[in-house]
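Enquirer: Sharing a model that was predicted from the sequence below.
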Amino acid sequence: MIHATSILSKSKAVAEEGLVLLDGPDGIAISMTPDAAEETGTSLIAAAREARGQVAPDG
């Protein structure tokens, strides 16, 4: 089991000076190249779909 703090709020991504900046909660800030951001986005979407399948439905 993974022990990590879950982030419940969304993060905001913007493009600036040829980089993608991700501004998240609690002062989290990440800068990536466009290619790295695109690959990360694809990976995040796939992981989100998988995670939803791991949670038991309500009721």
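Expert: Thanks, I have the structure now.

Enquirer: And T33, how close does it get to E17?
Expert: Going from T33 to E17 by CB to CB, to the nearest Å gives 12 Å. C-beta: built from backbone N, CA, C; applies to glycine.

Enquirer: And for R49?
Expert: 32 Å.

Enquirer: With neighbour numbers in mind, choose between those two.
Expert: The residue with more neighbours, out of R49 and E17, is R49; 9 against 6, by other CB atoms under 10 Å.

Enquirer: Need the residue closest to the centroid of this structure.
Expert: In the chain, the residue lying closest to the centroid (CA atoms, centre = their mean) is L44, at 5.5 Å.

Enquirer: Next up, identify which helix or strand that residue is on.
Expert: When elements are assigned from DSSP states H and E, L44 belongs to helix 34-54.

Enquirer: three-state assignment of V20?
Expert: strand (DSSP: H, G, I helix; E, B strand; the rest coil).

Enquirer: Would you check that my belief about it contacting A29 is correct?
Expert: No - using CB atoms under 8 Å, V20 is not in contact with A29, being 11.6 Å away.
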